[in-house]
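Participant: For reference, the sequence and a predicted model appear below.
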Amino acid sequence: MTVGQELEKLTGLKLFHNHMTIELLQPFFGFSDEMWNLSQLFRTEIFRTYAKSDEYGMIFTFIWAFNKQEDWDYVETIVDIFQREGGEVYFVELQADVEERIRRNRTTNRLEHKPSKRDVEASEERMMASIDRLRMNTKDGEINEKNYIKIDNSELEPHVVAERIRKTFDL
């Protein structure tokens, strides 16, 4: 999200980070299957409407579980929505070590924009549990898209990463 915020400043692309739907639905449904299903439904409809608009583009951020076929299918659905409307899709994979992810989980910016993370202990428990069951980074060669970049941003400032993305894809 933080890199997305910086990229939004540099490019004028609108940021749609995954917690925008999570924070809407989580107070009603918790982190339940119903919440995740509604979140995906909302996102898909937003993508469909946005792809048909005259807007320049969108930055979408989320955690992709590379060991879950349903995540691969969901990404394919998103790509198809935009490509059917003549859009071009760019893939940016950000990788950070666990210690850095835990540190970032406590930052003021993250807690401001992601209220469900304000219970830091519960948030970190969910994060650590996900590490054991979800593969959040690709294996070499796993993504074969022409518009793809992988950046280890463990020690990079968000504005540096955003500028690298902007330059790579000439945004």
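Facilitator: Looks like it came in fine.
Participant: I'd like to know how far the nearest residue to residue 171 once chain neighbours are set aside sits from residue 24.
Facilitator: Closest residue in space to residue 171, ignoring its immediate chain neighbours: residue 11 at 4.6 Å, by CB to CB, 6 or more residues apart in numbering. Just so you know, the C-beta spots here come from the backbone N, C-alpha and C atoms, and that holds for glycine as well. According to CB to CB, to the nearest Å, residue 11 and residue 24 sit 25 Å apart.
Participant: Please say which of the two ends up with more neighbours.
Facilitator: residue 11 (17 against 13; other CB atoms under 10 Å).
Participant: ok, the more buried one - contacts?
Facilitator: Neighbour list for residue 11: 57, 59, 166, 171 [criterion: CB atoms under 8 Å, 6 or more residues apart in numbering].
Participant: Can you say which helix or strand has the third one in it?
Facilitator: By that I understand residue 166. helix 158-169 (DSSP states H and E).
Participant: Pull the residues that contact that helix.
Facilitator: Contacts to helix 158-169, defined as CB under 8 Å, 6+ apart, come from residues 2-7, 9-11, 90, 92, 94, 147, 149, 151, 153, 171.
Participant: run the last query once more with 10 Å
Facilitator: With contact meaning CB atoms under 10 Å, 6 or more residues apart in numbering, helix 158-169 is reached by 1-11, 13, 59, 88, 90-92, 94, 104, 109, 147-149, 151-153, 156-157, 171.
Participant: So how do I select the buried members of those in ChimeraX?
Facilitator: Buried subset of the contacts of helix 158-169, written as a ChimeraX selection, criterion 16 or more other CB atoms under 10 Å:
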select :1,2,3,4,5,6,7,8,11,13,59,91,92,94,104,148,151,153,156,171
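Participant: So which of the contacts of helix 158-169 belong to strands?
Facilitator: Counting by DSSP state E, the contacts of helix 158-169 place 59, 91-92, 94, 148-149, 151-152 in strands.
Participant: Residue 131: which of these is nearest?
Facilitator: Nearest to residue 131, judged by CB to CB, of the ones in strands among the contacts of helix 158-169 is residue 94 at 15.5 Å.
Participant: Without its sequence neighbours, what residue ends up closest to that closest one?
Facilitator: Among residues not flanking residue 94 along the chain, residue 153 sits closest, at 5.1 Å (CB to CB, 6+ apart).
Participant: and what of residue 78?
Facilitator: Among residues not flanking residue 78 along the chain, residue 47 sits closest, at 5.8 Å (CB to CB, 6+ apart).
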